[in-house]
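*Asks:* When you get a sec, could you give me coordinates for this:
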Amino acid sequence: MHPHIYITADQIEGLRSVENVRQGIRDGHLEVLWNQLRALADADVARKPFIPSSVIPGRPQLDIEHENRDWILINAVAQRIQRAALAYLLSERPEYRNDALRQMEAVFDTNTYPDWRDKAHPRTRVDLRAGQLSQAIALAYDWMHPLLSSEERSSILEGLDKRAIQLYLQDVDDNAYWLDVRTNWLTTVVGGHGIAGMALGLDHLLAQDLIDIALPRMVDYLSRFGPEGEFSESVGYASSTAQPVAFFNALRYASGGGVNRLAEHPFPQTCHWILYFTLPPGRYAAFGDGHIDAPPALSYIPAVADATRDPYLQRFYLDYAHIAESRRSLTQEILCYDPTLEPASLDGHIPTGRAFTKHDAGFSSRDSWDPVAASSVVYGKAGSGAIVHGHHDVGQVCIDGYGERLIVDLGSPPGYPGDYGSHKYEYYNAAAHGHNILLFGGREMKHDATVEARILNASFKDGESGLWRVDLTDKYDGARSVRRTVVHLHPATIAVLDEADLEIEESISLRWHTASLPKQDGSGRFTVTGAEASLAARMLSLDTIGLTFDIHRHEYNDPYNRHRLGDRFDQCHEPYVEAVMNANRCRILTLFTILPTQVPASWLDAESGWTTETTEGRVTATLDRSTLTFHTPRCNLQFDLMECSCPDTH
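*Replies:* A predicted model of the protein is given here:
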């Protein structure tokens, strides 16, 4: 019986029926979502269908000029079709049905859409875009089914079969490379067609084949998540978790509510992992391949919050979902958000600092869960750097303050270059020298997934401090020992100690990439000023050999400066402060403090250390061989760097 995926014709315990949803959208958050969806659907009714040359907010001009079937275009098409279909089901207004059918007709037309593939994906008959479109069209078919004529249903089935399903099954017979790759290609192409099979049900003779191909592979895919929910790719690509959530939520409905896989590992755990690497006022940590300042796509969080009855995930979703308008699925949110699950504050319930041990092995520490303007968020990683969509960034540390990036990761190049897979480390974004880490002799890190940084310890205390220490030795050639220790003193004081012992004397470099062009005095002091926050830093050599300091900017060099379709991309010229020495060992301390922009920040020499003004008063730092001590207005804190644990307050 249709509809039956994500919304049911009749009432089934634990699932949402058409009548449930109609009642729910009358008030509260669901009413807000419904009004947003309806406004977009009304705007769609008045515009022409999206085609490969359409101008869409955020869509690169190059993709428009090349009439490419890029993600932004196809996502806009998919969301439009689904919005119109759900709006039609809930309101029964025919203009929504007409818009959904007009957009489908355009997509089925071989003159308008000669191909459903991105032009950068020519290897197989179908690609990510076919997975997106097949899923969206099949869901729309399911939702509108009771209100469509037999001719309209037949037209949709015929178009979907010809443009995607038959080509997809031919690729499966040819053992296409995406069939078992355990990446977003698997979840989108295979999982998307699996959802399509569930949505079409008995109306398509091959629907069960689509499900049978997808189900074991989607179950196997879940083994890629770490024990604490760590995603096996970069944080930016963790948004692809939406696809397994959509698949197993569809399975829940297809089974009549009998299979609630979303309540099991890894779904609740990975949602909490994403929570830690979502930064105020709404962006993700840009480690590895990702886009700086890009909002996280969180439309799937309500489904997991509902399945697990987790009030903190409900709060997390409500705090951030609105900032990702271009990446939202309003249909998914309307059909998954449960208004009876009361959100609860994260403060006092979810620790403000945490370390994760698998895949990218990330660390995250913040002074509060303020979703807009926490005073400081300090985040970094260990791991191998050789994960899918990873970079040579082991040991990376970034700092945000008052909702602004200050010490930054550069994310991916402006475009996804065609040779990025084979020449990735020719692009400074991915190379070791594009990160906030030590370099020896200008060499790259080892690119070996079996060689990982070793986490020596990590410790966090809410309202007070966070600390982690990582042994990076195995990632470097020519090093006897390389260690990094990070101390985060709440609300906004940070210390990073880098120690290395090398086999020979050679150049040693430490870089700090800044969100804007910094000011520096040549002695290791530099400042970064944003709209809301200012950061003051002090770099010091604790050995007899001194450091020299300078500010540089990155530049892409030909031929490694082109988008995947061949056009040159604009230079970004990101700035960084670099400290350099020639030695066979180093011990470099970098101190940071963050203040609101209107309050100047600086680090000054004190009798036995260094001092800075903070929002709570003066903080003085002292360091001997193994103990870092902070004297603050509230208390004195001693960090034993060898033991690497947060101290008791005294």
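*Asks:* just checking, what's the longest helix in the chain?
*Replies:* In the chain, taking DSSP state H as the definition, the longest helix is helix 71-91.
*Asks:* Could you tell me whether residue 637 really is in a strand?
*Replies:* Yes. Counting by DSSP: H, G, I helix; E, B strand; the rest coil, residue 637 is found in a strand.
*Asks:* Hmm, it is touching residue 461, no?
*Replies:* No. Residue 637 sits out of contact with residue 461 when judged by CB atoms under 8 Å, with a separation of 9.6 Å. (Each C-beta comes from the backbone N, C-alpha and C, glycine too.)
*Asks:* With neighbour numbers in mind, choose between those two.
*Replies:* It is residue 637, of residue 637 and residue 461, that has more neighbours when counted by other CB atoms under 10 Å, with 22 against 19.
*Asks:* what bridges to the more buried one?
*Replies:* residue 630 (DSSP bridges).
*Asks:* What distance do you get for it to residue 495?
*Replies:* Distance, residue 637 to residue 495, by CB to CB, to the nearest Å: 11 Å.
*Asks:* swap in residue 620?
*Replies:* Using CB to CB, which is the criterion applied here, residue 620 is 12 Å from residue 495.
*Asks:* can you check residue 34 too?
*Replies:* Going from residue 34 to residue 495 by CB to CB gives 49 Å.
*Asks:* Also residue 90?
*Replies:* Between residue 90 and residue 495 the computed distance is 55 Å (CB to CB).
*Asks:* More neighbours: which of those two?
*Replies:* When neighbours are counted by other CB under 10 Å, residue 495 comes out ahead of the other of residue 90 and residue 495, with 23 against 19.
*Asks:* correct me, but residue 554 touches residue 428?
*Replies:* Yes. Shown here, residue 554 and residue 428 form a contact pair, counting by CB under 8 Å, at 4.9 Å.
*Asks:* Neighbour count for those two, which is higher?
*Replies:* The residue with the greater number of neighbours, taking residue 554 and residue 428 and applying other CB under 10 Å, is residue 428; the counts read 21 against 18.
*Asks:* residues in contact with that one?
*Replies:* 410, 434, 554, 556 (CB atoms under 8 Å, 6 or more residues apart in numbering).
*Asks:* try 10 Å
*Replies:* 410, 413, 434-435, 513, 554-557, 560, 572, 574, 576 (CB atoms under 10 Å, 6 or more residues apart in numbering).
*Asks:* and if you look at residue 587?
*Replies:* Residues near residue 587 by CB under 10 Å, 6+ apart: 483, 497-501, 540-543, 545, 623, 625.
*Asks:* give me the beta-bridge partners of it?
*Replies:* Residue 587 forms beta bridges with residue 499, as assigned by DSSP bridges.
*Asks:* Now do it, the pLDDT please.
*Replies:* What the model reports as pLDDT for residue 587 is 95.
*Asks:* Distance check, the residue most central in space within the chain against residue 278.
*Replies:* The structure's the chain has its C-alpha centroid closest to residue 236; by CA atoms, centre = their mean the separation is 2.6 Å. From residue 236 across to residue 278, the span is 11 Å (CB to CB).
*Asks:* Overlap of the contact sets of these two?
*Replies:* Where contact means CB under 10 Å, 6+ apart, the residues bridging residue 236 and residue 278 through contact with each are 284, 285, 296.
*Asks:* Nearest to residue 605, out of the residues you listed: which one, please.
*Replies:* Nearest to residue 605 among those: residue 285, at 33.4 Å, using CB to CB.
*Asks:* Residue 293 is in contact with that closest one, correct?
*Replies:* No. Contact status for residue 285 versus residue 293: not in contact, 11.5 Å apart, counting by CB atoms under 10 Å.
*Asks:* Give me the distance from stretch 123-133 to the chain's centre.
*Replies:* Using CA atoms, centre = their mean, to the nearest Å, the mean C-alpha position of stretch 123-133 is found 22 Å from that of the whole chain.
*Asks:* For that stretch, buried residues please.
*Replies:* 124, 125, 126, 127, 128, 129, 130, 131, 132, 133 (16 or more other CB atoms under 10 Å).
*Asks:* Could you grab the helix/strand/coil label for the last one?
*Replies:* Which is residue 133. Residue 133, by the three-state scheme (three-state DSSP), is helix.
*Asks:* what does the third one give?
*Replies:* The three-state label for residue 126, taken from three-state DSSP, comes out as coil.
*Asks:* Torsion angles phi and psi at it?
*Replies:* Comment: the main-chain dihedrals of residue 126 come out as phi -130, psi 160, following degrees, to the nearest 10.
*Asks:* same question for stretch 153-164, mean pLDDT?
*Replies:* Per-region confidence: stretch 153-164 scores 98 on mean pLDDT.
*Asks:* CA atoms of that stretch as CSV?
*Replies:* Extracted as CSV, the C-alpha positions of stretch 153-164 are listed here (Å, rounded to 0.1, in the frame of the first residue of the first chain):
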residue,chain,number,x,y,z
ARG,A,153,2.3,6.3,-12.5
SER,A,154,3.2,4.4,-15.6
SER,A,155,5.1,7.4,-17.0
ILE,A,156,7.2,7.7,-13.8
LEU,A,157,8.0,4.0,-13.7
GLU,A,158,8.9,3.9,-17.4
GLY,A,159,11.2,7.0,-17.1
LEU,A,160,12.9,5.8,-14.0
ASP,A,161,13.4,2.3,-15.5
LYS,A,162,14.9,3.6,-18.7
ARG,A,163,17.1,6.4,-17.4
ALA,A,164,18.5,4.7,-14.3
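*Asks:* Many thanks, I have nothing further to ask.
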